[in-house]
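# Sequence first, predicted coordinates after that:
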Amino acid sequence: MAAVPAGEAGSGRPPRVGVVTFPGSLDDRDAAAAVRLAGAEPVPLWHGDEDLHGVDAIVLPGGFSYGDYLRAGAIARFSPVVGAVVAAAGAGLPVLGICNGFQVLCEAGLLPGALTRNAGLHFVCRDQRLRVETGDTAWTGSFTAGEEIVIPVKHGEGRYVIDAPALAELTAQDRVVVRYAGGNPNGSVDDIAGVCSENRRVVGLMPHPEHAVEDLTGPGTDGLRMFTSVLDGLLRAAA
């Protein structure tokens, strides 16, 4: 997987990870805390920003951007910051979309498929077992394929859908990042909980890794490894 030179990672400072806030974001502070706990510097980015301020990676956090009007992520996709993220992702910047952030990435065309209403039509909130399908992404480098982890889910529109030819291509290219294990909470096709881009730098997933970073708050620290994975990659690129 090709690495992109990090803007700040080679300057003696910790890598800088931008965390976007949209109107309606709920988990931006949690994502920033996870970035800091992993050893990077969180940089707040506003939805109206056209400049990413030289960050080395981006997190689009969970929440209800613009109130989820029209459909989840549909309005956020047109915000100035997402335009900047799309351009930077095309140049290889690592991007992580969590829950609503995953929805935004799909709406913006950075990831295939779409997120729709849960099959049961109810909001689901629980600790969820997941199976890691690939460690070959910017955000899962510290995981092993087949490894099972526990990360919370909390969403009402998390059912991942994609047409059969695109699903076959996604599977053939090993771009399913995580699948639900021990029960599918939303009816996602093929138990898919997260996918990645063709260059493996952009990852979207419905579970919330920023809520699994400390033993005190539970459930364990499996989620923290996603943030340390990208940090390790940035530091290696800058070495």
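Cool, got the structure. Numbers count the residues shown, from 1 in each chain.

# who are the neighbours in contact with residue 22?
Counting by Cβ atoms under 8 Å, 6 or more residues apart in numbering, residue 22 touches 47, 63, 65-66, 76, 79, 100. Quick note: C-beta positions are derived from backbone N, CA and C, even for glycine.

# are any of the residues you listed buried, and which?
47, 63, 65-66, 76, 79, 100 (16 or more other Cβ atoms under 10 Å).

# Tell me how far residue 45 lies from residue 68.
Between residue 45 and residue 68 the computed distance is 20 Å (Cβ to Cβ, to the nearest Å).

# So which of those two has more stuff around it?
Neighbour tally, residue 45 and residue 68, criterion other Cβ atoms under 10 Å: the higher count belongs to residue 45, 24 against 18.

# Can you list the buried residues in stretch 161-177?
The neighbour-count check on stretch 161-177 (16+ other Cβ under 10 Å) flags 162, 167, 170, 175-177 as buried.

# So which residues lie in contact with it, not counting its own?
Stretch 161-177 has contacts (Cβ under 8 Å, 6+ apart) with 112-116, 132-134, 136-137, 139-140, 188-190, 192-198, 200, 203, 205.

# Return the list of helices and strands in contact with the helix or strand bottoming out on mean pLDDT in the chain.
One helix or strand of the chain scores below all others by mean pLDDT, DSSP states H and E: helix 224-238, with a mean of 93. When contacts are defined as 3 or more Cβ pairs under 8 Å, 6 or more residues apart in numbering; DSSP states H and E, helix 224-238 packs onto strand 16-21, helix 28-38.

# Next, format the buried residues of stretch 161-177 as a markdown table and append secondary structure, pLDDT and distance to residue 26.
Shown next, in a markdown table, are the buried residues of stretch 161-177 (DSSP: H, G, I helix; E, B strand; the rest coil; pLDDT from 0 to 100; distance: Cβ to Cβ, whole Å):
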| residue | secondary structure | pLDDT | distance to residue 26 |
| --- | --- | --- | --- |
| 162 | coil | 98 | 26 |
| 167 | helix | 98 | 30 |
| 170 | helix | 97 | 28 |
| 175 | coil | 98 | 28 |
| 176 | strand | 98 | 26 |
| 177 | strand | 98 | 23 |
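
# Residue 154 sits in which helix or strand?
strand 148-155 (DSSP states H and E).

# Which strands border the helix or strand immediately after that strand in the chain, and is each parallel or antiparallel?
Going down the chain from strand 148-155, the next helix or strand is strand 159-161, by DSSP H and E. Its sheet considered, strand 159-161 pairs with strand 114-116 (antiparallel) by DSSP bridges.

# any residues touching the partner strand, and which ones?
The contact list for strand 114-116, computed with Cβ under 8 Å, 6+ apart, reads 72-73, 102-103, 106-107, 157-162, 206.

# is it possible to export those to TSV including distance to residue 222?
Shown next, in TSV, are those (distance: Cβ to Cβ, whole Å):
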residue	distance to residue 222
72	25
73	25
102	18
103	22
106	24
107	27
157	24
158	18
159	23
160	20
161	26
162	25
206	15
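
# of all those, which comes closest to residue 144?
Nearest to residue 144, judged by Cβ to Cβ, of the contacts of strand 114-116 is residue 206 at 21.3 Å.
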